[in-house]
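Trainee: coords please:
(one chain, ligands or ions: 2)
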Amino acid sequence: MNTHWTPDSWQTRPALQQPTYDSPAELGSVLELLGSLPPLVTAWEVDRLRTQLANAAAGKSFVLQGGDCSESFEDCNSGTILRKLKVLIQMSLVLICGSKQRIVRIGRIAGQYAKPRSSDLEKRGDIELPSYRGDIVNHSGFTPAERRPDPQLMLRAYERAALTINYIRALSEGGFADLHHPENWDLEFVRNTPGSRKYQLLLESLSDSIRFMEAVSPGELTQLTRVDFFTSHEALLLLFEQALTRVEPRQRGWYNLGTHMAWIGDRTRAIDGAHVEYFRGIRNPIGVKVGNNLAADELLDLIRVLNPDNEPGRLTLIHRFGSEKIRSRLPALAEAVRRSGHHVLWSCDPMHGNTQTARNGIKTRSFDDITSEIITAFRIHKECGSRLSGIHLELTGEDVTECTGGPGNLTESDLSRDYRSQVDPRLNYEQAMEIAFLIAEQMK
Ligand code: PEP
Ligand code: CO
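Mentor: Ligands and ions are numbered 1, 2, ... in the order given. Below you'll find the model as predicted:
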């Protein structure tokens, strides 16, 4: 691997999953403008997340990463953002109470707009058009105009990300995020279920503990009035990522200041590919999705290229095998990494290996497969002498019907009732909360 790196050195490597823009002039002026717009995050925040991830990998905390498969521009509104934040904060409380550890909260949010697709083209009847690649590239409607990769959408994505991050920052700094007022995170549609009663009981005991602590220590526990919340996305569309890559004179090196953390998808992690080349040069904490086709020696090569200084907190391995395959795939990888002495943070994505098509043709995931993969992941890491330090979920704060099973016992015929995702099926609020209780149980 060549050690010389620049934000555009990836352009000398094969870049998978990139759209073909038809007007170089328009593309060029969009990228120039993007490169001149202010960053969305700061290098100090990025460094703080890296430190927190190092602590998590060392067993001192746990990472909760979650959000939509793909954010849509339409969902950039106060209600949807608020509900996503609420479910992640509620889940983190459940995890804190169960594990007695700090939780690092990272949204798949404020930039998760580009999607890898299995095919460049989509055919319906006799008509073949470019595949929908996420709102940052083109539109989901099936007409030539809507499927044309439009560079202006990168500017719209940047603006949406900025609006989202601005709202999240304001909410997490105070008032809304105050642990003295957990009622702020209530969701209007929540039914009286065993799950919601469990959560209410947990809040009551938490309020008791806070009152006790405040009675024995002088004044209010002011550090309870805000939460840390970080952003992340799959940095897939490399021209966009390059435009947000900035050098920080007082910090060391180049940062992607469009997000706190970025990850490489399972389809674009080829060691000599453009994505690995881009990622190796940025200072952000980064993730790599680890799927069923990755062999142990390949994984070790990737680790050496992406984290040559073996820096703790730098690299998160997000495995996504599926509830069956995890048993045969994970042990060899976990053993190999442990033997190599590399610092990595292991996280489990129990979603992407468990996607299936229901009898009615709808893409779904079963709650039981998801929980089974999580439980197996905890067990295998323990057996291999490593530690599962994070979870990576596709979820929403809405009452959608996209995954089957769970507390509401959704069946395949329920799926069409409120299926909103344009891409992968997400856990709904009740399912997500139940998963939080399950993980808390595993961590006890
Ligand atoms: C995703 O996280 O939405 C995704 C496409 O995952 P993977 O790269 O693991 O397939
Ligand atoms: Co997905």
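
Trainee: and residue 369, how far is that from ligand 1?
Mentor: 15 Å (Cβ to the nearest ligand atom, to the nearest Å). Glycine gets a C-beta too; all of them are placed from N, C-alpha and C.

Trainee: hey, what's residue 261 bridged with?
Mentor: residue 232 (DSSP bridges).

Trainee: That one: what's it in contact with?
Mentor: 46, 49, 53, 106, 230-232, 284-287, 316 (Cβ atoms under 8 Å, 6 or more residues apart in numbering).

Trainee: What of residue 307?
Mentor: Contacts of residue 307 by Cβ under 8 Å, 6+ apart are 314-315, 342-344.

Trainee: Output those residues in a markdown table, with secondary structure and distance to residue 333 appended to each entry.
Mentor: Shown next, in a markdown table, are the contacts of residue 307 (DSSP: H, G, I helix; E, B strand; the rest coil; distance: Cβ to Cβ, whole Å):
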| residue | secondary structure | distance to residue 333 |
| --- | --- | --- |
| 314 | coil | 18 |
| 315 | strand | 14 |
| 342 | coil | 12 |
| 343 | coil | 15 |
| 344 | coil | 10 |
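
Trainee: Which PyMOL command selects the buried ones in those residues?
Mentor: One line in PyMOL is enough to select the buried ones among those; burial here means 16 or more other Cβ atoms under 10 Å:
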select buried, resi 314+315+342+343+344
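
Trainee: Now tabulate the contacts of residue 261 in JSON lines and tack on pLDDT and secondary structure.
Mentor: Output for the contacts of residue 261, formatted as JSON lines (pLDDT from 0 to 100; DSSP: H, G, I helix; E, B strand; the rest coil):
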{"residue": "46", "pLDDT": "97", "secondary structure": "helix"}
{"residue": "49", "pLDDT": "98", "secondary structure": "helix"}
{"residue": "53", "pLDDT": "98", "secondary structure": "helix"}
{"residue": "106", "pLDDT": "98", "secondary structure": "strand"}
{"residue": "230", "pLDDT": "97", "secondary structure": "strand"}
{"residue": "231", "pLDDT": "98", "secondary structure": "strand"}
{"residue": "232", "pLDDT": "98", "secondary structure": "strand"}
{"residue": "284", "pLDDT": "98", "secondary structure": "coil"}
{"residue": "285", "pLDDT": "98", "secondary structure": "coil"}
{"residue": "286", "pLDDT": "98", "secondary structure": "strand"}
{"residue": "287", "pLDDT": "98", "secondary structure": "strand"}
{"residue": "316", "pLDDT": "99", "secondary structure": "strand"}
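
Trainee: what residue ranges in the stretch 201-350 of the chain score low on pLDDT?
Mentor: 220-222 (pLDDT under 70).

Trainee: So which residues of it form helices?
Mentor: 238-243, 274-280, 296-306, 326-340 (DSSP state H, counting those that start in this stretch).
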